[in-house]
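**Student:** take this sequence and fold it.
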Amino acid sequence: MISLLTPVRALEKLGGNIRERRLAMGFTQAGLSARSGVPLGTLRKFERTGLGSTEALVKLLSIVGGLEATIEAAKPEALTFASIDEVLKDAPRSRRKNGWRT
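**Tutor:** The predicted structure is shown next:
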């Protein structure tokens, strides 16, 4: 699926969502940092910019919620085909390049 969000905007939204969840739960940044094991500076940067490691994201989501939904969202979509014709129809055809054959 194609998204209209730029990567930078998506990261900012992700950080903002973590911040909103933290505030809804009544945690301070220091409190969430202590509970999750994510350093306070990393948490501050993550909430502001969305930049951080996947490990930090997983730790934060495990405390504020949403970890299971994130894992489910990252699952690959199952491709099902009724026949070999459907597979061949979608296969890209390569064009022969002009010039010398190797």
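
**Student:** so what touches the longest helix seen in the chain?
**Tutor:** Longest helix in the chain by number of residues, with DSSP state H as the criterion: helix 7-24. Helix 7-24 has contacts (C-beta atoms under 8 Å, 6 or more residues apart in numbering) with 3, 5, 29, 32, 46-51, 57, 60-61, 64-66. C-betas here are computed from N, CA, C, even on glycine.

**Student:** what about the residues you listed, which are in helices?
**Tutor:** Q29, L32, F46, E47, R48, T49, L57, L60, L61, V64.

**Student:** out of these, which end up buried?
**Tutor:** Those of these that meet the buried threshold are Q29, L32, F46, E47, L57, L60, L61, V64, by 16 or more other C-beta atoms under 10 Å.

**Student:** what residue ranges in this protein score low on pLDDT?
**Tutor:** 1, 90-97, 99-102 (pLDDT under 70).
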